[in-house]
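In: Just to be clear, the model below is a prediction. Sequence and coordinates:
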Amino acid sequence: MIMLGGLTGWHLLIILAVILLLFGAPKLPALAKSVGQSMRIFKGEVNEMKKDGDKEKGEGGGTAPTTDTGTSSEQNSK
């Protein structure tokens, strides 16, 4: 089993049992539903922010302004 910071399978079972005792069996489905809804909203907001960021990059022109370095043919002929 994957160890997360030293947690083994037994530790996770004990944590689940404590959660079951704290919230009770009838409240767990409602709690899981609200956590799922929160995650769905969070993912939607993250995707919207990514789209807004991509849109801003596209509107910026995509290229940096160029500066005159003095190597044009007019300056070379002088």
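Out: Yes, it's here.

In: what residue ranges in the protein score low on pLDDT?
Out: For the chain, the stretches flagged by pLDDT under 70 are 1-4, 60-78.

In: mind redoing it with 50?
Out: 1 (pLDDT under 50).

In: With residue 34 as the reference, measure out to the residue positioned nearest the centre of the chain.
Out: When C-alpha atoms, centre = their mean is applied to the chain, the residue found nearest the centroid is residue 46 (5.9 Å). Residue 46 sits 19 Å away from residue 34 when distances are taken as C-beta to C-beta, to the nearest Å. All C-beta spots, glycine's among them, are computed from the backbone N, C-alpha and C.

In: go on, residue 18?
Out: Going from residue 18 to residue 34 by C-beta to C-beta gives 19 Å.

In: Let me see the ranges of the helices in this structure.
Out: Shown for the chain, the helices assigned by DSSP state H span residues 9-23, 28-59, 73-77.

In: by how many degrees do the first one and helix 28-59 diverge?
Out: An angle of 110 degrees separates the directions of helix 9-23 and helix 28-59 when computed by axes from the mean of the first three to the mean of the last three C-alpha atoms, to 10 degrees.

In: which parts of helix 9-23 are buried?
Out: For helix 9-23, the buried set under the neighbour-count rule, 16 or more other C-beta atoms under 10 Å, is empty.

In: That one packs against which elements?
Out: Secondary-structure packing of helix 9-23 (3 or more C-beta pairs under 8 Å, 6 or more residues apart in numbering; DSSP states H and E): helix 28-59.

In: Report all helices and strands that the helix it packs on contacts.
Out: The contact analysis (3+ C-beta pairs under 8 Å, 6+ apart) places helix 28-59 against helix 9-23.
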